[in-house]
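Undergrad: Below: sequence and its predicted model.
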Amino acid sequence: MAPTLADPFSDSSALTDFVINQGNGVKGLSEMGLRALPKRYIQPVEERMCMTNIIVQEFIPIIDMSKWEDPKVAKSICDAASKWGFFQIVNHDVPVEVLEKVKDATYRFFGLPAEVKNKYSKEHSSSNNVRFGTSFSPQAEKALEWKDYLSLFYVSEEEASALWPSVCREQVLDYMKKSEVVIKQLLQVLMKGLHVNEIDETKESLLMGSMRTNLNYYPICPSPELTVGVGRHSDVSTLTILLQDEIGGLYVRGNQGDNWIHVPPIKGSLVINVGDALQIMSNGRYRSVEHRVVANGRKNRISVPIFVNPRPGDMIGPLPELVASGEKPIYKQVLYSDYVKHFFRKAHDGKKTVEFAEL
Ligand SMILES: O=C(O)CCC(=O)C(=O)O
Ligand SMILES: [Fe+2]
């Protein structure tokens, strides 16, 4: 049968070829003006966001970082990390121009022709540290996610100069560099909340020894209610620092049952969330909480998370200080790179990755 505009990709290999092999991504699909969502993006009903499950009375805390050393502020950070796993920060030290510039850079990168972006794909990239892709793990997923991304693992300025796309390199480096101050403040407060009062070099490296920045692009979707931007998952990081634009669409699992809380965009703010590595290292005191992004039928959306991680070669487990104080460990020691591999081997599946480290 001849392809139609309703579904020119009824043949799944034609879709894979266009979206993945040629580097058009979902942005390419979106810009074709498709009237129907290709089948491969149709999520099972239970993975779609059901609007009746959104709670509007609750919201994640908004924390003013200008007085981060004030014990009341410190307590609100630790409480938020335990109760919600998510909060937003305002009055942090990352200049608003730095945030605006990294958003502009994200649009510049995704505005490049497919064949240019495709130089950074898994097939063509000269390094695993630079990766342009689409969805989450297309080889492992039954249904795809409506998102394209560029993922940049930081090794050194020299490597970034040699390998990162020039349209966004400086802006991403600056965003990472300027975020370091607030990352250290947050980790200091969170460690103090566990009675770990000193972050020496070894501990600093364990908590924030590697960083990855993703540029996420969620283009306009023909049937947003049938698919997802990002499926339910928790991050594998220690902490994630997320810059989102003004569109909205990020939801966090609330404390009761299948309830979801919207994370409203606040200009100049950053969203902070606890990742699995910190849940494990804090022996469950701080929680990595499931979150998801809906697809949008009217607007393109971008976000720029920095994943603050242990180094791939680190062993992670409940911190020795917690175990020494008599606490019973609920997680074992695991090699961080094994943990991350386990995460990427499967489709997004809520909080299942953490079972890998359970005792
Ligand atoms: O785009 C967002 O708001 C969140 C993205 C996200 O959860 C992730 O990249 O891990
Ligand atoms: Fe996430």
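TA: Ah, there it is. What you are looking at is a predicted structure, and each value in this text was computed from that prediction instead of being measured. Ligands and ions are numbered 1, 2, ... in the order given.

Undergrad: Is the host helix or strand of residue 98 positioned near ligand 1?
TA: Using DSSP states H and E, residue 98 sits within helix 96-110. No - using C-beta under 6 Å from any ligand atom, helix 96-110 stays clear of ligand 1, coming no nearer than 11.2 Å. The C-beta positions use only the backbone N, C-alpha and C, and glycine is treated the same way.

Undergrad: same for that helix, what does it pack against?
TA: Here helix 96-110 touches strand 148-153, helix 169-192, strand 210-218, strand 239-244, strand 301-309, going by 3 or more C-beta pairs under 8 Å, 6 or more residues apart in numbering; DSSP states H and E.

Undergrad: any residue of the fourth one up close to ligand 1?
TA: Just to be clear, that refers to strand 239-244. Yes - under the criterion of C-beta under 6 Å from any ligand atom, strand 239-244 makes contact with ligand 1 via 242, 244.

Undergrad: returning to that earlier point: tilt between the helix holding residue 98 and helix 169-192?
TA: 130 degrees (axes from the mean of the first three to the mean of the last three C-alpha atoms, to 10 degrees).

Undergrad: which element follows helix 96-110 toward the C-terminus?
TA: Later in the chain than helix 96-110, the nearest helix or strand by DSSP H and E is helix 114-117.

Undergrad: Now the element after that following helix, going C-ward?
TA: strand 130-134.

Undergrad: That following strand packs against which elements?
TA: Applying 3+ C-beta pairs under 8 Å, 6+ apart, one finds that strand 130-134 contacts strand 148-153.

Undergrad: For the strand it packs on, what is the distance to the chain centroid?
TA: Centroid separation for strand 148-153 versus its chain: 10 Å, with C-alpha atoms, centre = their mean, to the nearest Å.

Undergrad: can you pull the buried residues of it?
TA: Across strand 148-153, burial judged by 16 or more other C-beta atoms under 10 Å covers 148, 149, 150, 151, 152, 153.

Undergrad: again with stretch 256-263
TA: Neighbour counts over stretch 256-263 (16+ other C-beta under 10 Å) mark 260, 261, 262, 263 as buried.

Undergrad: Among the residues you listed, which one sits closest to ligand 1?
TA: Ligand 1 lies nearest to residue 263 out of those, by C-beta to the nearest ligand atom, at 7.3 Å.
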